[in-house]
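Asks: Generate coordinates for the sequence data below:
(4 chains)
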Protein chains: 2
Amino acid sequence: MIQISFEISNEIHHLLLFCAHKLFNKKLAISITNTGKNFLNHISLDCVIFGFHEGELKVLSLFYESLKLHSLPGGFIGVNESLEEAAQVVLKERTGLDAIFLKQFQVFSDFERSKQNPLVEKITKSNTTINSDFFDQRFITVGFYALVEYTKVNPTPDFISDSCKWVSLNEKIDFILDHSKIINKALQSLREQLNSQPIGYNLLPDKFTMSELRVLYETILGKELDRRNFQRKIMSYNILNKLNERRKGGAHKSPFLFEFNLENYEKALNDGLQGGW
Amino acid sequence: MIQISFEISNEIHHLLLFCAHKLFNKKLAISITNTGKNFLNHISLDCVIFGFHEGELKVLSLFYESLKLHSLPGGFIGVNESLEEAAQVVLKERTGLDAIFLKQFQVFSDFERSKQNPLVEKITKSNTTINSDFFDQRFITVGFYALVEYTKVNPTPDFISDSCKWVSLNEKIDFILDHSKIINKALQSLREQLNSQPIGYNLLPDKFTMSELRVLYETILGKELDRRNFQRKIMSYNILNKLNERRKGGAHKSPFLFEFNLENYEKALNDGLQGGW
DNA sequence: GCAAAAGTGTTTCAGCTACACCCATGG
DNA sequence: CCATGGGTGTAGCTGAAACACTTTTGC
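Replies: Numbers count the residues shown, from 1 in each chain, chains lettered A, B, ... in the order given. Coordinates of the predicted model:
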């Protein structure tokens, strides 16, 4: 644990604030006295990690007990990594998973977006003694959404948050800052993607029934789909292999299992599925 | 003209580099000696400004005579403005136009993207004496595309470039850095948008013929469309008003003029035009 | 046997494709 | 008067939507 404390000018202050974030990530403690107004733009990223469980679309969320508030998993960009690489690191740390379906969907840069960050209080009261000014500055954040298989995820909080857990999109959840807005935009982007790309591979187990895939689509879209027409349409894309296995154990007739045809799936990811004109 | 020159530590160097960009924008001159390696991520924005003229899709480009290279108009984000606002400023300065159709489409953050920036040589040789280190750092850039009416644009170079002009997408143009990649991605995004949003209002004059609109679509999509089917489909969206005017002067039968029905156009922008599922 | 889910097929209709035909205009 | 582009109509095909019937399974 290192403790640094000194009085500095406005310019040097802001440089050190930037360094502070790096040090902060390494759990070092810095106390900085601000003497001027803000100057730098900070860039961060936030991840909307979608999972699908019990017929509900869920998002992985960090929870701050003292604030009773949720937050999206996020992070900063190292000097030697791209945004995508940095996002993969965040996902790996929160879920334990590698090589996740990951897509940047929007940059959020409203000047007001990081005002009155309730995390600041939390952080300044924590064992570190970083000054709140660092977080009072404007953060430009790049929004990513990720699709993961619910059961494979091992939700892991970071060192600021008290817990990491799935929250349903149907629940009324209080998020910090504009994170609710970011989630809504992510869902909107996901819906638009659904029309041009074969989503499902990342959200479902390796083997699944047609009903499970259809319920996933229904959940994302927020409306019911005709069982028979859905099957015909999705099969016409040639991205699924019908297996000679059936799901036993449930009541009623045992359904066939399907798996994604990875070769055609990749092709569809590149080419897109359909399009007007 | 102010000349500052001093030897500094690595940390302070980078802070000053950041200040330098602000000063640089105001045409002040700074000479900085670097003593360490890079640390900060810089954020910038680049605009792919599409115009449509003589049946060709064109992009507004800055040209550097000494380098024989082109560049996209770009800029930095001020402390009190959002990315969108900063992009509007760039567009205003290069085109003279306000309230342009503007959409962020991707962030480019590859670590290698700003290596070997040929502009550095240009800049260091210019009347300013800023050190190349500032530009050798990694820039994270947010890509925007804009749609403007060709004839209304007054192309204006910035103080580094020698000229500002339209270049056709059909020409083989050499751009600095990854700007060619950014343009390709912008065009790809525009094509995807075309399927869900009524593009055209921003690229055409107030009054236009059906052929002009169709040729625009054909140009963006890079393929021919059936004249009669196109008309039926576009009219079914109810975003056009057929006027009681005809375009005189051309050879052959004089075609009717159309204008966008702004009320329905706005509605279509929000709701989207069509969609699978 | 029965309820519920799953498998398979059919009818219908809208929308897209691909044309044909006539009209207006300038050279 | 003719070459060319513009305006309008229509037959045919395809795919989506809506729906019917049978099969399987656990209870």
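Asks: Tell me which stretches of the stretch 51-200 of chain A form strands.
Replies: A:56-64, A:69-71, A:74-76, A:101-108, A:139-147, A:163-168 (DSSP state E, counting those that start in this stretch).
Asks: and those strands, which is most packed in?
Replies: strand A:139-147 (a mean of 24; mean count of other Cβ atoms under 10 Å in any protein chain shown). Placement of C-beta: from N, CA and C, glycine included.
Asks: what's in contact with stretch A:218-235?
Replies: A:52, A:55-57, A:187, A:190-191, A:194, A:199, A:210-211, A:213-214, A:217, A:240, B:277 (Cβ atoms under 8 Å, 6 or more residues apart in numbering or on different chains).
Asks: Poorly predicted segments of chain A, please.
Replies: A:1-41, A:112-138, A:274-277 (pLDDT under 70).
Asks: if you set the cut-off to 50 instead, what comes out?
Replies: Residues of chain A that meet the criterion pLDDT under 50 lie in A:1-39, A:127-132.
Asks: that older thread, now, which of the contacts of stretch A:218-235 lie within helices?
Replies: A:187, A:190-191, A:194, A:210-211, A:213-214, A:217 (DSSP state H).
Asks: From residue B:90, how far out is residue A:217?
Replies: Distance of residue A:217 to residue B:90, computed by Cβ to Cβ, to the nearest Å: 40 Å.
Asks: which residue sits closest to the closest residue to DNA strand C within the stretch 51-200 of chain A, ignoring its sequence neighbours?
Replies: In the stretch 51-200 of chain A, the residue found nearest to DNA strand C is residue A:55; the distance is 11.9 Å by Cβ to the nearest atom of the strand. Leaving aside its chain neighbours, residue A:55 sits nearest to residue A:215 (5.5 Å; criterion: Cβ to Cβ, 6 or more residues apart in numbering or on different chains).
Asks: what does residue A:240 give?
Replies: residue A:258 is the one closest to residue A:240 (Cβ to Cβ, 6+ apart), at 4.8 Å.
Asks: What's the nearest residue in chain A when you look at DNA strand D?
Replies: Closest point on chain A to DNA strand D, by Cβ to the nearest atom of the strand, is residue A:253, at 3.0 Å.
Asks: in which helix or strand would I find that residue?
Replies: For residue A:253, there is no host helix or strand (DSSP states H and E).
Asks: ok, back up a step: biggest separation within the ones in helices among the contacts of stretch A:218-235, which pair?
Replies: Maximum pairwise distance in the ones in helices among the contacts of stretch A:218-235, criterion Cβ to Cβ, is 23.7 Å, between A:187 and A:210.
Asks: about what we covered before: just the closest of the ones in helices among the contacts of stretch A:218-235 to residue A:262, please.
Replies: residue A:213 (15.6 Å).
Asks: Could you count how many residues lie near the closest one?
Replies: 20 (other Cβ atoms under 10 Å in any protein chain shown).
Asks: Do I have it right that it meets residue A:257?
Replies: No. If you go by Cβ atoms under 8 Å, residue A:213 and residue A:257 don't touch, sitting 10.8 Å apart.
Asks: Can I get the ones in helices among the contacts of stretch A:218-235 in a markdown table including distance to residue A:171?
Replies: Below are the ones in helices among the contacts of stretch A:218-235 laid out as a markdown table (distance: Cβ to Cβ, whole Å):
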| residue | distance to residue A:171 |
| --- | --- |
| A:187 | 14 |
| A:190 | 18 |
| A:191 | 19 |
| A:194 | 22 |
| A:210 | 28 |
| A:211 | 24 |
| A:213 | 24 |
| A:214 | 23 |
| A:217 | 21 |
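Asks: from those residues, which are also near chain B?
Replies: A:194, A:217 (Cβ under 8 Å from any Cβ of the partner chain).
Asks: Return the members of the ones in helices among the contacts of stretch A:218-235 classed as buried.
Replies: A:187, A:190, A:194, A:210, A:213-214, A:217 (16 or more other Cβ atoms under 10 Å in any protein chain shown).
Asks: Quick one: name the residues of chain A near DNA strand C.
Replies: Contacts of chain A with DNA strand C, taken as Cβ under 7 Å from any atom of the strand, map to A:209-211, A:227-228, A:231, A:246, A:250-256, A:276.
Asks: Quick one, which of the residues you listed are buried?
Replies: A:209-210, A:231, A:255.
Asks: gap between residue A:75 and residue A:94?
Replies: Applying Cβ to Cβ, the value for residue A:75 to residue A:94 is 10 Å.
Asks: same question, residue A:165
Replies: For residue A:165, the distance to residue A:94 - Cβ to Cβ - is 11 Å.
Asks: Show me whatever sits in contact with both of the two.
Replies: Common neighbours of residue A:165 and residue A:94 (Cβ under 8 Å, 6+ apart) are A:60, A:155.
Asks: Could you tell me how many residues sit around residue A:223?
Replies: 9.
Asks: what are the ranges of the helices in chain A?
Replies: A:10-25, A:83-95, A:118-125, A:133-136, A:179-196, A:210-221, A:227-236, A:262-271.
Asks: how far off strand A:56-64 does the second one point, in degrees?
Replies: Angular relation of helix A:83-95 and strand A:56-64 on a 0 to 180 degree scale: 80 degrees, by axes from the mean of the first three to the mean of the last three Cα atoms, to 10 degrees.
Asks: CA-only coordinates of helix A:83-95 in PDB, if you can.
Replies: The C-alpha trace of helix A:83-95 is given here as PDB (Å, rounded to 0.1, in the frame of the first residue of the first chain):
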ATOM      1  CA  LEU A  83     -11.200  -1.400 -26.700                       C
ATOM      2  CA  GLU A  84     -12.300  -4.900 -27.800                       C
ATOM      3  CA  GLU A  85      -9.400  -6.400 -25.900                       C
ATOM      4  CA  ALA A  86     -10.100  -4.400 -22.800                       C
ATOM      5  CA  ALA A  87     -13.700  -5.400 -23.000                       C
ATOM      6  CA  GLN A  88     -12.700  -9.100 -23.200                       C
ATOM      7  CA  VAL A  89     -10.700  -8.600 -20.000                       C
ATOM      8  CA  VAL A  90     -13.700  -7.200 -18.200                       C
ATOM      9  CA  LEU A  91     -15.800 -10.100 -19.400                       C
ATOM     10  CA  LYS A  92     -13.200 -12.600 -18.400                       C
ATOM     11  CA  GLU A  93     -12.900 -11.100 -14.900                       C
ATOM     12  CA  ARG A  94     -16.700 -10.900 -14.300                       C
ATOM     13  CA  THR A  95     -17.800 -14.200 -15.900                       C
END
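Asks: If anything else comes up later, I'll come back, but that's it for now.
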